[in-house]
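*Asks:* dropping a prediction and its sequence here:
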Amino acid sequence: AAAAAATTNGVGQSGVGTHSNGLMNPVPFIPISVMTDSYKASHFLQYPAAKKMIAYGEFRQGFEGDSEDTRIIYFGLRYILENYIMRPWTEVDVERADLFYRSHLAPAGGPFPYPKDLFLKFVRENDGYFPVKMQALEEGTCVHAHVPVYQITAEEEYSPLCTFLETLLTMLWYPSTVATSSRRARDVIAAAFDSSVNNGQSHPLLNSRLHDFGFRGCTSVEQSIIGGCAHLLNFEGTDTMPAAYYAQFHLNSGKPVGSSIPATEHSVMTCWPDEKAAIINMIEQFGTGVFATVMDSYDYTAALEQVVPVVAQKKLQAGGFWVLRPDSGDPVEVVVQALHALDKVFGSDVNSKGYKVVRGASVIQGDGITIVNIRKILEAVLAASFSAQNVAFGMGGGLLQRVNRDTLSFATKLCHVVYPDGSKRDIMKQPTTDASKISFPGALAVKRVNCIPTVFPADSGEVLQEEDMLQVVYDNGPVPHYQWDNYDTLRSKVAQEWAALPKRANVVSASLRQKVAAVCEQQEQQQQQQQQSKGGGKLGSRNAPVSA
């Protein structure tokens, strides 16, 4: 009967969606009942009986373990909520998941345990919305490592579902990591602007100096949207149009967010009889504005020394701005080589800081760009007496792909349980093998202390409700009248908060440190009792320092 019902709703017995014309949907609609790791589906049978459970999510380290700068841009929860959690699920979704779970158990393909009854219950009694409350920081908030970014509460019969959404919610590691990486790159470029550009960081060109080249390297369109939007919090330049479109029309009320320019690729350059002809065509088509041409289809040095001088007059007559793009060779050398070639042909002006600004032309380096070689290239550019405004960067894999969950070490952990008899327990993880993975005990709150988001025990009385930065964004369904900031507001927030935060700070309140120590001692005593009851000796101390 379930299979028949699913089939009538566009789902065959395989559980895969179909179009109205009977063709298989290449991207089947996945029910929320399976939007988790397999092992988590069975956790409802593993947790002890409880009336309430609370869990929280945090980034446990600075970017790539940087202990000198632990700032992080929190971004991406809205996408997850709107697309997966803030939607009413149906009995058909549960039955569709049931078809899958019936044969998921290894090794023989038997029924896999999952909380079907709980799913059916919230579908029928909660209008299909997942039955948890979520508190979270505002999108675009800048924090240090160890500050909770969200907190989940599940109560009564739904308590075992508290961590079911962990897998989905953990995925905000990606946009937060991309946004943080992009901002760190901006810091490097901004420093070079302060040294070599009139008006320093206030110069409008800074906003276009790191261009998103990452779309083609993404694993899906969805990844390009999520990561591309994260980058656009810090810069305006992008060739990842799905992200620019989504940010403009879904997040910014139609106001433009990202921009780009006409530019050639090698296929265009090699289609013409020679590079001269290809560049002349670009000048004729786009020469009154800004345009770019790739310069290494054949012989990069020859293109700079022989082709650029030949087309220079035509470019000057058009009056626009020409961007040269090297795409191979040593990134530092090819950029400086191009600047010297442009200076020789078009000349330059020395700005008030003593650096040369090439007239009507510049360079964009988009091959193999990372934060490390951005810094190296800019150092070489300034050493050659050119201003940093002469160079832009295109980052693809280094921006949207070369990151993972461990880059900022994101994790969600259970922190508080209320048992059926009303007794409460603050719990925490404290592995002796890795103190960096310690978690916080008890329900948590976050408030600014001297402008720095700081974490407190929620029951300490130190954080008033209106002070708590963890605001309710979902409460057993969408929160009526909750307003997300538009994208322009997010950009301003990120710029202001990132600049205001010290690079590192102690973000753990004294009261939370005391609670951590007390829970550590309690858990150590329990471990010792267990060990002694088995005839063993005393365990070594498990107390671990909590540092930001």
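*Replies:* All right, it came through fine.
*Asks:* what's the following helix or strand after the helix or strand bottoming out on mean pLDDT in the chain?
*Replies:* Ranked by mean pLDDT, DSSP states H and E, the helix or strand of the chain with the weakest confidence is helix 2-8, at a mean of 36. Per DSSP states H and E, helix 2-8 leads on to helix 38-41 as the next helix or strand towards the C-terminus.
*Asks:* can you pull the buried residues of that next one?
*Replies:* Buried positions in helix 38-41, judged by neighbour count with 16 or more other C-beta atoms under 10 Å: 40-41. Every C-beta, even on glycine, is put in place using the N, C-alpha and C of the backbone.
*Asks:* any idea how far that helix is from the middle of the chain?
*Replies:* Centroid separation for helix 38-41 versus its chain: 25 Å, with C-alpha atoms, centre = their mean, to the nearest Å.
*Asks:* could you export it as PDB, CA atoms only?
*Replies:* Below are the C-alpha coordinates for helix 38-41, written out as PDB (Å, rounded to 0.1, in the frame of the first residue of the first chain):
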ATOM      1  CA  SER A  38      23.100   6.100   8.400                       C
ATOM      2  CA  TYR A  39      24.300   5.500  11.900                       C
ATOM      3  CA  LYS A  40      22.400   8.600  13.200                       C
ATOM      4  CA  ALA A  41      19.100   7.000  12.000                       C
END
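*Asks:* show me how far the following helix or strand past it is from its chain's centre.
*Replies:* Later in the chain than helix 38-41, the nearest helix or strand by DSSP H and E is strand 52-59. Distance of strand 52-59 from the chain centroid (C-alpha atoms, centre = their mean) equals 19 Å.
*Asks:* who are the packing partners of strand 52-59?
*Replies:* Packing partners of strand 52-59 (3 or more C-beta pairs under 8 Å, 6 or more residues apart in numbering; DSSP states H and E): strand 150-155, helix 166-170, strand 410-418.
*Asks:* got JSON lines for these, with distance to residue 432, mean pLDDT and mean neighbour count too?
*Replies:* Formatted as JSON lines, those follow (distance: least, C-beta to C-beta, whole Å; pLDDT from 0 to 100; neighbours: other C-beta atoms under 10 Å):
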{"stretch": "strand 150-155", "distance to residue 432": "27", "mean pLDDT": "98", "mean neighbour count": "22"}
{"stretch": "helix 166-170", "distance to residue 432": "24", "mean pLDDT": "96", "mean neighbour count": "18"}
{"stretch": "strand 410-418", "distance to residue 432": "17", "mean pLDDT": "97", "mean neighbour count": "21"}
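*Asks:* mind putting those in TSV, distance to residue 274 included?
*Replies:* Below are the helices and strands packed on strand 52-59 laid out as TSV (distance: least, C-beta to C-beta, whole Å):
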stretch	distance to residue 274
strand 150-155	57
helix 166-170	52
strand 410-418	51
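*Asks:* check which helix or strand covers the closest residue to residue 264 other than its chain neighbours.
*Replies:* Once flanking residues are discounted, residue 264 sits nearest to residue 293: 4.8 Å by C-beta to C-beta, 6 or more residues apart in numbering. Following DSSP H and E, one finds residue 293 within strand 290-294.
*Asks:* need the residues that contact the following helix or strand past that strand.
*Replies:* Once strand 290-294 ends, the next helix or strand along the chain (criterion: DSSP H and E) is helix 300-302. With contacts defined as C-beta atoms under 8 Å, 6 or more residues apart in numbering, helix 300-302 is touched by 326, 328-329, 334, 337.
*Asks:* hang on, isn't residue 164 packed against residue 34?
*Replies:* No: judged on C-beta atoms under 8 Å, residue 164 makes no contact with residue 34 at a distance of 10.8 Å.
*Asks:* what is in contact with those two at once?
*Replies:* With C-beta under 8 Å, 6+ apart as the test, residue 164 and residue 34 both reach residue 41.
*Asks:* nearest residue to the middle of this protein?
*Replies:* residue 175 (1.3 Å; C-alpha atoms, centre = their mean).
*Asks:* neighbour count winner among residue 164 and residue 34?
*Replies:* residue 164 (26 against 18; other C-beta atoms under 10 Å).
*Asks:* nearest residue to the more buried one in space, please, no chain neighbours.
*Replies:* residue 36 (5.6 Å).
*Asks:* got any ranges where the chain has weak pLDDT?
*Replies:* 1-28, 535-548 (pLDDT under 70).
*Asks:* hmm, try it at 80
*Replies:* Counting by pLDDT under 80, the chain contains low-confidence ranges at 1-29, 527, 533-548.
*Asks:* just to revisit the earlier point, distance of the residue nearest to the centre of the chain relative to residue 229?
*Replies:* 7 Å (C-beta to C-beta, to the nearest Å).
*Asks:* same question, residue 463
*Replies:* Taken as C-beta to C-beta, the span from residue 463 to residue 229 is 31 Å.
*Asks:* give me the more crowded residue out of the two.
*Replies:* residue 229 (30 against 22).
*Asks:* phi, psi of the more buried one?
*Replies:* Main-chain dihedrals, residue 229, degrees, to the nearest 10: phi -70, psi -40.
*Asks:* how far does stretch 432-439 sit from the chain's center?
*Replies:* For stretch 432-439, the distance to the chain centre is 24 Å (C-alpha atoms, centre = their mean).
*Asks:* before we move on, what about stretch 320-333?
*Replies:* Distance, centroid of stretch 320-333 to centroid of chain: 29 Å (C-alpha atoms, centre = their mean).
*Asks:* residue 446 belongs to a strand?
*Replies:* Yes: the assignment for residue 446 (DSSP: H, G, I helix; E, B strand; the rest coil) places it in a strand.
*Asks:* number of nearby residues for it?
*Replies:* 27.
*Asks:* next: residue 181.
*Replies:* Neighbours of residue 181 using other C-beta under 10 Å come to 27.
*Asks:* these two touch, right, it and residue 63?
*Replies:* Yes: with contact defined as C-beta under 8 Å, residue 181 reaches residue 63; the gap is 6.5 Å.
*Asks:* which neighbours do the two have in common?
*Replies:* Joint contacts of residue 181 and residue 63 (C-beta under 8 Å, 6+ apart) are residue 407.
*Asks:* checking my notes, residue 67 in a helix, right?
*Replies:* No: assessed by three-state DSSP, residue 67 does not belong to a helix; its assignment is coil.
*Asks:* test my guess that it contacts residue 504.
*Replies:* Yes: proximity of residue 67 to residue 504 meets the contact threshold set by C-beta under 8 Å, at 7.2 Å.
*Asks:* quick one, which of those two is more surrounded?
*Replies:* residue 504 (17 against 12).
*Asks:* noted, bye for now.
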